[in-house]
Structure formats: C-alpha cells, structure tokens
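Enquirer: with the input below, show me the fold.
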Amino acid sequence: MKDAGRQLSRQEQLAAMGTRRFSLWNFWISSLVLKILLIPDYFSTDFDVHRNWLAITHNLPLRQWYYEATSQWTLDYPPFFAYFEWFLSQFVPEIAKQDGCLEIAEKAQVGWPTLVFQRSTVILSEVLLFAVLQVFINTSPIGERTQSFVVSSSIVLSPAFLIVDHIHFQYNGFLFAILIASIVAAKQHRYLWCAVFYSVALCFKHIFLYLAPCYFVFLLRAYCLNFQDFKFKSYKDLIFIVKWKHLFQLGGIVIAVFTVCFGPFVKDLPQVFTRLFPFSRGLTHAYWAPNFWALYSFLDKVLTVVMLRLPYVHQFTSKLIQPPLIPATIDEIKQRIVQNNNGTRGLVQDVFFVILPQISPTLTFSLTAFYQVLAVIPVLFDPSYKRFIGSLTLCGLASYIFGWHVHEKAIMLAIVPFSFLVVCDRRLLNSYMMLAASGYVSLFPLLYENKDFLLKCLYTLVWCVIYFYSLRKTTFLSSSVERRVFFLDRLSMIYIYLLFALVLGVQFLDIMKWRYHFLQKFEFISLMSYSVYCALGIIGSWVGLSWLYNFDEPLWE
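Expert: Modelled structure (predicted):
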C-alpha cells in the first residue's frame, strides 16, 4: 500500500508537470530590456568586422567577396554567413547608410545609427535561439521538462552570449541555435534533420568543424549501420552491415547543403579556403585562450625569467640539455626576446618560445585529432543520445585545449553541449561547474573598460549561483552506486571560489597601474593571470569528464 501511494504521488507529479507551462519568452522579454540598455556600451573590433562585411556583401559582386581587402577585417566566415550579412544589408535604413554603415573603407567612422542597427540585428537574430530551445522543452518527456527548462534557460541567459554578442558584438546566439537544433533532432532520432542542421551550422561558422568527427561517427553508426540484425557468416556478408539507402540519403543531404553554400564560389574555392583557414596566424591569439598552450607559454616565460635572473640554472640545464635545444648563452636568450614575438605583446602572429621547443600546426592538429578519436570510439559501440552528447563535449574541449590559434570565445563549443549532458547524472555536475565558471570568467578581458566590471561580475555571479543550485536540485544519479571522490569535489568548489578572488585581484592591479606607472611595464600580467588560472579549471574539467566518459559505464546506460 505504501508503494502504491508513492506511485500515485509520482503520477500526480507528472500530471502537474504536464499541465505546467515552461516558457522561455518571459526570459526573452526581460533580457531584452538589458540588451537595449547595453546598445551604447562600446565599439569592439568585431563590431567593425561585421560592419565591413555588410559593406562588402552589399556593394560588391558575389565572386569578389573573398578577395576584397581594403580593410584588415576581411571576410573569413563560410558563404552562408556571407549570405546572411547580405540579407541584413538589404534592411539598412537610410540614416545608417548616410552614417557610413555600408561604406567600404580601411577605417570607417560610424555613429549612433549604425550602432543601433547592428545591435538590433543581433537581438532579433537571437530569437531563433529561444525558439529552438522552446521546441526542446516542449518535445521533452513530461518527467524531464523541469531539467530541460533549467538547461534551456541557462543557455539563453548565458553570460557568454551577453558578453560576446551584446557587448563585444557577434552573432553566436543565432549560430548556436542551428547547432542546438541538430542536438534536439538527434535526441528525437531524426537523423536526417540532425545532418541538415549540423551541415547548415557548419556552412555558417566553420569553427563547428571541430565537432565533425562526432557527428560523422554518430550518424554513420546510428542511421547507416545495422549491427543489431546482422548475422556474420562470411566476409562477403560485411556489405549487408550498411543500410545503403540511408547512407545515400544522408550523403545526398550533406552534399546538397554544401553545394548550395559553396556552389557559387566553385571557381574561387582556393581563395575561400585561404580565408577560412589562415594558418599563418600564430599559435595563440592576442590574448591567450586559457588552454594547454597558455600553460605552455607561461612555463616558457617562467623558465626565461629564472635563467636570466639565475645564470647558474642555465649552466646546469645546458649540461643536461645540449644546445640548440635550449639557448647556448644568456646573451642568446636576450637576443631571442628582442627579435621575436614572445607572446606577450598582443600581436596576432607566430609566437616564438625562448626556452621551450616551438609548436607547429601539425602538432596541434595531431593532438586534437588523437583526443577526438578517443572521444568518438565509444559512440561506435553505443550510439545513444547520452554518448553522443558526451562525445560532442569532449570533441569541443579537445579542439579548445589543443587547437591552433584558439579564440577565448570558442569555449562555448564545449559549454553548450555539456549543458545538455549535465542533467543526465549528478556526477557530471562538478566538471560542468568548473568548465562553466572558468570559461565564463575567461571572457572577462574582452570587456576591458572599467564601467563594465560590475556588470560582467555581478551577472556571472548571479548566473552561477542560480543555475549551479538549480542543477544540483534537478539532477539525479543514474545508478545506485555513487562514484565520487570527496576530496576532488571539494577541490573543484575551492577552485570556483578562488575565481572570485582572481577577478578582484586583477581589477585591483589594473587600478593600481594608473597610480603607479612602473606597473604599466607588466601590462600582460592581468591577461596572463586569467589565462593560466582559467586554463587549470578547463583542463581539470576535461580530465574529470574524460574519466567518467571512459571508465564509468553505469553512467551511460
């Protein structure tokens, strides 16, 4: 009787959830007020980038889009995004045209009309993100709608979208909406739609290419291979593993999307790909993305300072490691510092390490590919939605941690998929919290003006408090055995608390620079602090998730 009572109570809870509305549109209306208030914040380089792309696509024939180079902000996104910019340019009001919004110039001088128009396009395009996530909520099983609502609202209110899109200026909300649509389609087993949405997303922003191994293996295994009904008798029977009709359907859809995208540029594909993949840029961005190469760069700086200050350390090291693997003399170290870009000058060019070995694009590609292969192998054996999202998150993290010339904004490539995964099991929560907290804090240097300090800190802090608490209350253990390490859980929380101390300490140092001019010689210390400390959190999250992904089988059942 007690069990029946509990079952009835559960049914009543599900019935209540079925009648309850989980709507994101009130979030859109309330956040709209904040976004409108942020319109006059500041002009970023990305703001001028997109203004220049509006001008290029509006004024020039299509075949000249990827050749135009009057401004340094040349078009370097795939053609679908270029078509999107052309579409937006058709709605530029006359007052913005007179302001210079559609002028091709090396350095355009624009004012309020252009600012309001461009900010408005970001706000309106982001409606797609709310719509896709509302579909995700509405199509979720009744018992999962609370978790789906928490995940969806955490994404639409993400500090990254606020900082990067509505202050710094990009269109990530609109672009990630298409990627999320492919994730929703995968959950509903609509594999052809999953392929369509991912292909479209890739043709809008080529950074999604880092997720291609996961999509390829998942769609091939789940939709095109038939192991369940296959009975192996001879090697000739291997041909029957493949569902050829499904394979041709899937391949035809992907080819069709890419044909529409790149077809008009078929004679200029080498030029297009040169713009999309500029390997001439350095290993790290002007501001180090907090990944493995940030720690590598930091170690090189530490070794350089130690050897310059303590010559006997260099003498001892040179006996163990013979030149030219390390500089032969102290004078050679000084010469390398003067003649090369050592990664602390804010230059987007090849970085030269003074002490440690140089890093090539081939090495970064090899490391990324290796860890992505490890992430997709389990999907071959278990093409479930949960495994797919886990693999997707690890592919995004591998590309961020080991990729070449990674932008700090690319952390969303890992946080967004992880948001859909974390509700599957509470054991994933600590890795997610470390990734989200360190990833969002790593974006703070994008907002370099003091007036934005309280906004970015308070908004991120409130977001973390609300959603970390909400996820802890709505997630559950997928098995009876709770494989958690008490010390590591507490260590992750200490790390997150110390992020707040990091932010305050860096802000205090920036204020002191104006008072004590000698501190201006160490201008890069603030960025280095963000990069190194946030890198520890992101890599720690990756290690924790990788361990659970590969060695905790009950979690994925």
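
Enquirer: output the longest helix belonging to the chain.
Expert: helix 486-515 (DSSP state H).

Enquirer: need the next SSE after it, C-terminal direction.
Expert: The C-terminal neighbour of helix 486-515 among helices and strands, as given by DSSP states H and E, is helix 524-551.

Enquirer: give me the residues contacting the helix or strand in which residue 148 is found.
Expert: Using DSSP H and E, residue 148 maps to helix 145-156. The contact list for helix 145-156 (C-beta atoms under 8 Å, 6 or more residues apart in numbering) reads 17, 20, 22, 24, 27-28, 31, 129-130, 133-134, 136-137, 140, 161, 173, 176, 180, 416, 419-420, 422-423, 463, 467, 470-471, 474-475. (Each C-beta comes from the backbone N, C-alpha and C, glycine too.)

Enquirer: show me which of the residues you listed are buried.
Expert: 17, 22, 24, 28, 31, 129-130, 133-134, 136-137, 140, 161, 173, 176, 180, 416, 419-420, 422-423, 463, 467, 470-471, 474-475 (16 or more other C-beta atoms under 10 Å).

Enquirer: now, those that are in strands?
Expert: Among the buried ones among the contacts of helix 145-156, no residue falls in strands (DSSP state E).

Enquirer: dihedrals phi and psi, residue 258?
Expert: phi -70, psi -30 (degrees, to the nearest 10).

Enquirer: report the contact partners of it.
Expert: Per C-beta under 8 Å, 6+ apart, neighbours of residue 258: 199, 203.

Enquirer: okay, it: pLDDT?
Expert: As predicted, residue 258 sits at a pLDDT of 96.

Enquirer: again with residue 232
Expert: For residue 232, the model assigns a pLDDT of 57.

Enquirer: over to residue 242: give its phi and psi.
Expert: phi -80, psi 130.

Enquirer: who is it paired with across the strands?
Expert: Beta bridges link residue 242 to residue 225, judged by DSSP bridges.

Enquirer: is it in contact with residue 221, as I believe?
Expert: No - applying C-beta atoms under 8 Å, one finds residue 242 not in contact with residue 221, separated by 11.2 Å.

Enquirer: more neighbours: which of those two?
Expert: residue 221 (18 against 14; other C-beta atoms under 10 Å).

Enquirer: what about that one, which SS state?
Expert: helix (DSSP: H, G, I helix; E, B strand; the rest coil).

Enquirer: residue contacts, the nearest residue to residue 48 once chain neighbours are set aside?
Expert: Spatial nearest neighbour of residue 48, excluding adjacent residues (C-beta to C-beta, 6 or more residues apart in numbering): residue 73 at 6.0 Å. Contact partners of residue 73, counting by C-beta under 8 Å, 6+ apart, are 45, 48, 49, 52, 53.

Enquirer: quick one, what contacts residue 48?
Expert: Residue 48 sits next to 71, 73, 107, 108 when contact means C-beta under 8 Å, 6+ apart.

Enquirer: buried subset of those residues as a PyMOL selection?
Expert: Applying 16+ other C-beta under 10 Å to the contacts of residue 48, the buried members can be selected in PyMOL as follows:
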select buried, resi 71+73+108
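
Enquirer: let me see the domain layout of the protein.
Expert: Domain assignment for the chain, taken from the TED database, gives 25-206, 409-555.

Enquirer: so which of the ones you listed comes closest to residue 299?
Expert: Residue 299 lies closest to domain 409-555 among these, at 9.6 Å (C-beta to C-beta).

Enquirer: ends of the closest one, what's the gap?
Expert: 30 Å (C-alpha to C-alpha, to the nearest Å).

Enquirer: now do it: distance to the chain's middle.
Expert: How far domain 409-555 lies from its chain's middle: 14 Å, per C-alpha atoms, centre = their mean, to the nearest Å.

Enquirer: list the buried residues in stretch 95-102.
Expert: By neighbour count with 16+ other C-beta under 10 Å, stretch 95-102 contains the buried residues 96, 97, 99, 100, 101, 102.

Enquirer: how about stretch 313-328?
Expert: 314, 317, 318, 326, 327.

Enquirer: make TSV from the residues you listed and add secondary structure, distance to residue 427 and pLDDT to it.
Expert: Converted to TSV, these look like this (DSSP: H, G, I helix; E, B strand; the rest coil; distance: C-beta to C-beta, whole Å; pLDDT from 0 to 100):
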residue	secondary structure	distance to residue 427	pLDDT
314	helix	46	72
317	helix	43	78
318	helix	48	75
326	coil	43	76
327	coil	47	75
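
Enquirer: farthest-separated two in these?
Expert: 317 and 327 (9.8 Å).

Enquirer: what touches both of those two?
Expert: Common neighbours of residue 317 and residue 327 (C-beta under 8 Å, 6+ apart) are residue 307.

Enquirer: kindly check the end-to-end length of stretch 89-108 for me.
Expert: Span of stretch 89-108 from end to end, C-alpha to C-alpha: 16 Å.

Enquirer: off-centre distance for stretch 138-147?
Expert: Distance of stretch 138-147 from the chain centroid (C-alpha atoms, centre = their mean) equals 26 Å.

Enquirer: may I have it as CSV, with CA atoms only?
Expert: Extracted as CSV, the C-alpha positions of stretch 138-147 are listed here (Å, rounded to 0.1, in the frame of the first residue of the first chain):
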residue,chain,number,x,y,z
ASN,A,138,8.1,21.1,-25.4
THR,A,139,9.2,17.9,-27.0
SER,A,140,10.9,16.6,-23.9
PRO,A,141,9.2,13.8,-21.9
ILE,A,142,7.0,15.2,-19.2
GLY,A,143,9.2,13.9,-16.4
GLU,A,144,12.2,15.7,-17.9
ARG,A,145,10.7,19.1,-18.6
THR,A,146,12.0,20.6,-15.4
GLN,A,147,15.6,19.7,-16.3
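
Enquirer: if anything else comes up later, I'll come back, but that's it for now.
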